[in-house]
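> below are the sequence and a predicted model; questions follow.
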Amino acid sequence: MTGSSTNGASNEVPKNNHSIAKDEIAQPRRLLIEPELAHLGEEQEKSENLKLNAENLSQVLPEAIAKRPLPDEALTEALLPTVENAIQASVRRDANIIATAIFPVLGSGIRKAVAAAISEMTQTLNQTLEYSFSNQSMKWRMEALATGKPFSEIVLLHTLLYRVEQVFLIHKETGLVLQHVVAPAVAAQDADLVSAMLTAIRDFVQDSFGVQKDDSLDTLQFGELTLWIEQGPQAILAGVIRGNAPQKLRSVFQDAIERIHIEQSNALEAFDGDTTNFAATKPELEACLEAQYEFKKQKPSPLLWIFLGAIGVGLTSWVGFSIRDNLRWTAYLENLKDHPGIVITRIEKQGGKYFIWGLRDPLAADPMIVLQEAQVNPNAVVSQWEPYLSLHPNLLTARVKQLLQPPETVSLSVDKNGILYAKGSAPHQWIVETRKRVQVIPGITKFNEENLIAPDLGQLESSKKNIEKQIIRFSEGTIEFKPGQDDTLAKLIQEIERLLGSALSLNKDVRVKIVGHTDEQGTVEANMTLSQARADTILSTLVSKGFKPSNFEAVGVGTTEPLKNELGVQESEINRSVSFKITITDRSNLSTLER
């Protein structure tokens, strides 16, 4: 037994040690791992609960939002960024989606606004015409003069059905005016005074007649004015009405006070006397300022037909005058274009005036004269002309006449090639100067003087020929004149005077050569001496008649230059004489004329 017990004891000891060791290891494990396992379990549970909550929330979210009280600023603030971002993303992705969505609303709204504006304009025009020229309007004008009231007020009194003149928004608890609007052309009353009056009347009625405190004052009548009051939980809307307003106006007031309570609920609850927060209610109050007029159709007054007729006549006259002025202006432009030396570069019409720019030759027609001939109003035309030289033949001819100053006996003309033609008779000096001057006249290419004669030059030539034909004969072997030579000598002196006078007018120099001759009798020396003496005798005679010696030259040639026998006398007799030879030169020495 002992052995067996001993073996049993030895077998149990190892088993207890292993269990103890296992327990010792499990305890630290629990300490180290159990918190993490617990945390993992919690996270798993949260995940499962989150999915479950999201599914449940998706089912109740629409109903929850619908049940939220309005207005809900917290919900609005929470959803506003998400909605704005969603709209911006949609627009960036495809703007047509938003445009297509709002198109029916915008299109309809725009059409209604345009139609309303046109209708209002038409109605206003009809009313203006009707009440300006009708018999009724004349009566009302007389009434306005008699009562001293403005005509517009008289019309208002006779045509007004009703008009909301003032609207007050009053805080119900304190009686203070939160906002106040007034219709156009209406004298505004003291808003605080009106509010105090309403509060006093309400308190008076409640105290005097035993009405309940919750009962409200809805209407007050003051002659032509009626005060309508709409009660709200925290504010009162009071409207001052002239005339008889329909009951449907009540719904307008009610809608206004309801919207104000919805939009301004927080401000009404927290009102501390500061009314600046209620400026946003002004559009709601102004929507209550309605008015309605009754316009009876009346037969148009004869003055209306007279007025319309006058307008028609005026329009017809205006159109007629416009057409006439345009025709005259067109004719004026055509006339200007037909006048040489005028070039139109630009035409404009601004502010009822015509503006014209161009070029004009100084010798061209005066545009103002052409304007008057076309019967165009000079005050309606502003023109600016720059000077230039035209090469038109007519203007070239006029310019040449102005520069050359031809005598009346000369006619000048210029062809399209710039050739100047001169016809008639003119002093030789003018012809000579013209030859020089035409070379510097713009547009003149040539001077044609084939049909131009110089009478004074012809006279000069005639005197020259007559003098050179004269022969003064002497007696044989002497320096005495042969009998009968006095007439010839007188004629010679007369021709010399004419010659020198013509030469002076022609700006020419004349040289008269007196040539002495002899027959063949006698020696050569004697004949040279005798011929010189005869030439000197003639020179002395001419000087004694007042001629200048510088115009003459006396030369004796003896028998070296015998004269031709053209007089039918003996040759020896014809050579006992003195002959003459004339030399004519220009004083400018540019040309010499000798015969």
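Sure thing, it's come through.

> drop to CA atoms for contacts and neighbour counts, all remaining ones
Noted.

> how is the protein partitioned into domains?
Domain assignment for the chain, taken from automatic domain parsing, gives 66-131, 141-293, 305-382, 393-453, 456-594.

> how about those domains, which one is nearest H39?
domain 66-131 (32.8 Å; Cα to Cα).

> picking that back up, could you dump the domains of the chain to JSON lines with mean pLDDT?
Formatted as JSON lines, these follow (pLDDT from 0 to 100):
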{"stretch": "domain 66-131", "mean pLDDT": "63"}
{"stretch": "domain 141-293", "mean pLDDT": "80"}
{"stretch": "domain 305-382", "mean pLDDT": "86"}
{"stretch": "domain 393-453", "mean pLDDT": "89"}
{"stretch": "domain 456-594", "mean pLDDT": "86"}
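
> now the ones you listed as TSV including mean neighbour count and distance to E42?
Compiled in TSV, the domains of the chain are given as follows (neighbours: other Cα atoms under 10 Å; distance: least, Cα to Cα, whole Å):
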stretch	mean neighbour count	distance to E42
domain 66-131	12	30
domain 141-293	16	43
domain 305-382	14	89
domain 393-453	16	117
domain 456-594	17	138
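
> export those domains to a markdown table and tack on distance to L40?
Converted to a markdown table, the domains of the chain look like this (distance: least, Cα to Cα, whole Å):
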| stretch | distance to L40 |
| --- | --- |
| domain 66-131 | 33 |
| domain 141-293 | 47 |
| domain 305-382 | 91 |
| domain 393-453 | 116 |
| domain 456-594 | 137 |
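
> just the element for L227, please.
L227 is part of strand 225-231 when elements are defined by DSSP states H and E.

> okay, now the sheet partners of that strand, with direction.
Within its sheet, and counting by DSSP bridges, strand 225-231 is paired with strand 219-222 (antiparallel), strand 235-243 (antiparallel).

> ok, and what's touching the first one?
Contacts of strand 219-222 with the rest of the structure, by Cα atoms under 8 Å, 6 or more residues apart in numbering, involve 226-229.

> equivalent analysis for the longest one, please.
Surrounding strand 235-243, the residues in contact under the criterion Cα under 8 Å, 6+ apart are 160-173, 224-231, 253, 257, 261, 268.

> which strands border the longest strand that the chain contains, and is each parallel or antiparallel?
Ranked by residue count, the top strand of the chain under DSSP state E comes out as strand 160-171. With DSSP bridges as the test, strand 160-171 is paired with strand 177-182 (antiparallel), strand 235-243 (antiparallel), strand 291-293 (antiparallel).

> distance between the shortest one and the chain's centre?
I take that to be strand 291-293. Chain-centre distance of strand 291-293: 46 Å, with Cα atoms, centre = their mean, to the nearest Å.

> what does stretch 545-558 give?
Put simply, stretch 545-558 sits 85 Å off its chain's centre (Cα atoms, centre = their mean).

> and it, how far apart are its ends?
Stretch 545-558 has its terminal residues 26 Å apart, counting by Cα to Cα, to the nearest Å.

> can I get the strands paired with strand 160-171 in JSON lines with distance to T275?
As requested, the strands paired with strand 160-171 are exported to JSON lines (distance: least, Cα to Cα, whole Å):
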{"stretch": "strand 177-182", "distance to T275": "5"}
{"stretch": "strand 235-243", "distance to T275": "13"}
{"stretch": "strand 291-293", "distance to T275": "28"}
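
> with just CA atoms, put the strand holding L227 into PDB.
Presented in PDB, the C-alpha positions along strand 225-231 are these (Å, rounded to 0.1, in the frame of the first residue of the first chain):
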ATOM      1  CA  LEU A 225     -61.000 107.100 -44.600                       C
ATOM      2  CA  THR A 226     -61.200 103.600 -43.300                       C
ATOM      3  CA  LEU A 227     -58.700 101.900 -41.000                       C
ATOM      4  CA  TRP A 228     -58.400  98.200 -41.500                       C
ATOM      5  CA  ILE A 229     -56.500  96.200 -38.800                       C
ATOM      6  CA  GLU A 230     -55.200  92.700 -39.100                       C
ATOM      7  CA  GLN A 231     -54.100  91.000 -35.900                       C
END
